[in-house]
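Chemist: What shape does this take:
(2 chains)
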Amino acid sequence: MAKNVLTPQAEDFPRWYQDVVAKAELAENGPARGTMTIRPWGYAIWEHVQSDMDRRIKATGHDNAAFPLLIPMSYLEREAEHVEGFSPELAVVTHAGGEELAEPLVVRPTSETVIGDAMSRWIQGYRDLPLKLNQWGNVVRWELRPRLFLRTTEFLWQEGHTAHATWRDAQDETLQILHEVYDATISELLAIPTVIGRKTERERFAGAETTYTLEGLMRDGKALQMGTSHHLGQNFAKGFDIAYTDADGERKLAWTTSWGVSARVVGGLIMSHGDDRGLRLPPRCAPAQVVVVAVRDEVLDAARDLSGRLRAAGVRVRLDERTNVGFGRRIVDWELKGVPVRLELGPRELDAGQVALARRDGDGAKDAVALDAVVDRMPGLLAEMQQALYDQALARREAATQDVQGVSDIDGPGFFRVPYKVVGDAGEDALNERGYSIRCLVTADGDVPGPRGDDDEDLIAYVSKAY
RNA sequence: CGGGAUGUAGCGCAGCUUGGUUAGCGCGCCACGUUCGGGACGUGGAGGCCCCGGGUUCAAAUCCCGGCAUCCCGACCA
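Modeler: All right, here's what the predicted structure looks like:
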């Protein structure tokens, strides 16, 4: 039996995370504190998230655009709560071109302000609404305690910004993104089940009227916010004069939304599925879905033929021809990197007209599969594994979720569902003191609640520790 | 921003207490050979402003002073 390649999860989960990020060659620290270099294997995962989400963003009627990285400081100040919320984590450019700037420039921590400014010019009449934009980019928020993927000073993300004629339209947009874009990608591509709900007042985005969130539960029983969607009310419309003339000739303020998902979800992917052998990637987001390991030189031609046939069948496949490297080393490498299916082809298999197949979602046992059947079987197998990883994650979350009646019952890892009315503001303080927080609020039926209102009495709070 | 620690080869570290040969070890890298079915082994080799600056000394990785950087622990965030 192989010795541990990684620190076991049960021994030290954060250490396991660091180990797997390094050894699976996902990312490393950049030279400046809090920065991250994303390596090809990690970036390929993010690219799958990007392309899946981008497709859904466009399918729901949004257009991509690109806005500036540098924003005049005065823009942020136009929305009081916004600037107050972000000021502690702003990076500000005060000098450029060898001189002190007349007005400092902020490196965007998010783009509500520049985009609001553009919207105010692009929107004139009600026919210009809704205006639904999205941008893929990077933002900077000065972080004191960075962690690769999970919390870095500069991070990659997507931010959507929309403007609507009515409160209702903006609300529908906010919720549509949550379900049709974010949850769809996170559950179907990343195979991570989420709890979708409303943030409490103290967790609300600076400048938003209402903030919604998708929360995943990691293998160590801590929650990770996987994405957010905000109803901004008319807060930014006021600050940036995003107004339109309606059908009656009356001038009205628009209602705006914003929503974002970052490369943090890659961290969520690692911590949702990974085990003591390394990453376990759902096939849909795996940089390689199948690796063909040529055991010895004699079988190289056959291995090339097999990988060629898989590729022709639309499978993302890698061929490992490194016969100069020890067999065990190569196997461990691919397990670390989380490739869903490993096909080992050696003289023994070739003679029998077979290939040894190992699934990364299983116990490491290998099946002998006929060489002429393996390609046909692969799409079905990959789909099955995609579902299996989701089912495992969901079962784990359900086992780690319990209903309790009071704050005093909350102790240990996992989600605690507690009636919101018995927590209250004081209860939330007490929880925060102990490292717990209300991740989100849901209705008694588990649905996403509307904005703050009378029915808050009946909401359920999901409480846990969080990243 | 408060407390603790660390900067020596690509990575991980020893050496420093008590200055003194040519600064070592493991992993990785390169070459050759033997191996190769769950992290192989041998032989040889390459690779160092010992964080930076100053000081003490015949002599500094080692002692002193001053910087800088990073990591860990306590208040925010996708």
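Chemist: tell me which strands and helices the helix or strand hosting A:Ser307 is in contact with?
Modeler: Assignment of secondary structure by DSSP states H and E places A:Ser307 within helix A:300-312. Judged by 3 or more Cβ pairs under 8 Å, 6 or more residues apart in numbering; DSSP states H and E, the packing partners of helix A:300-312 are strand A:290-294, strand A:317-320, strand A:341-345, helix A:374-399. Every C-beta, even on glycine, is put in place using the N, C-alpha and C of the backbone.
Chemist: right, so of these, which gets closest to RNA strand B?
Modeler: Closest to RNA strand B of these is strand A:341-345 (Cβ to the nearest atom of the strand; 4.0 Å).
Chemist: So is that closest one next to RNA strand B?
Modeler: Yes: using Cβ under 7 Å from any atom of the strand, strand A:341-345 reaches RNA strand B at A:Glu344.
Chemist: Walk me through which strands that strand pairs with, and which way each runs.
Modeler: Its sheet considered, strand A:341-345 pairs with strand A:290-294 (parallel), strand A:354-359 (antiparallel) by DSSP bridges.
Chemist: Would you tell me which residues of the stretch 51-200 of chain A are close to RNA strand B?
Modeler: So the stretch 51-200 of chain A meets RNA strand B at A:85, A:88-89, A:141, A:143-146, A:150-152, A:155, A:157 (Cβ under 7 Å from any atom of the strand).
Chemist: One more pass at 10 Å, please.
Modeler: Within the stretch 51-200 of chain A, the positions adjacent to RNA strand B are A:85-89, A:109-110, A:139-157, A:159, A:199 by Cβ under 10 Å from any atom of the strand.
Chemist: got the residue ranges for the strands in the stretch 351-467 of chain A?
Modeler: Remark: strands assigned in the stretch 351-467 of chain A by DSSP state E, counting those that start in this stretch are A:354-359, A:366-370, A:401-403, A:415-419, A:437-442, A:460-464.
Chemist: about what we covered before: dump the strands paired with strand A:341-345 to a markdown table, plus mean pLDDT and mean neighbour count.
Modeler: Output for the strands paired with strand A:341-345, formatted as a markdown table (pLDDT from 0 to 100; neighbours: other Cβ atoms under 10 Å):
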| stretch | mean pLDDT | mean neighbour count |
| --- | --- | --- |
| strand A:290-294 | 97 | 25 |
| strand A:354-359 | 97 | 20 |
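Chemist: quick one: which of the ones you listed is nearest A:Arg397?
Modeler: strand A:354-359 (22.0 Å; Cβ to Cβ).
Chemist: quick one, what contacts A:Tyr126?
Modeler: A:Ala165, A:Tyr244, A:Thr245, A:Asp246, A:Ala247 (Cβ atoms under 8 Å, 6 or more residues apart in numbering).
Chemist: What is the burial count for the nearest residue to it once chain neighbours are set aside?
Modeler: Leaving out its chain neighbours, the residue that sits closest to A:Tyr126 by Cβ to Cβ, 6 or more residues apart in numbering is A:Asp246, at 4.8 Å. A:Asp246 sits with 13 neighbouring residues when counted by other Cβ atoms under 10 Å.
Chemist: Quick check: phi and psi at A:Asp246.
Modeler: Dihedral angles of A:Asp246 (phi, psi; degrees, to the nearest 10) stand at phi -90, psi -180.
Chemist: That one against A:Lys252, yeah?
Modeler: Yes: taking contacts as Cβ atoms under 8 Å, A:Asp246 lies within contact range of A:Lys252: 5.4 Å.
Chemist: related to what we said a few turns ago, export the strands of the stretch 351-467 of chain A to JSON lines and tack on distance to A:Asp391?
Modeler: Converted to JSON lines, the strands of the stretch 351-467 of chain A look like this (distance: least, Cβ to Cβ, whole Å):
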{"stretch": "strand A:354-359", "distance to A:Asp391": "14"}
{"stretch": "strand A:366-370", "distance to A:Asp391": "20"}
{"stretch": "strand A:401-403", "distance to A:Asp391": "16"}
{"stretch": "strand A:415-419", "distance to A:Asp391": "18"}
{"stretch": "strand A:437-442", "distance to A:Asp391": "22"}
{"stretch": "strand A:460-464", "distance to A:Asp391": "21"}
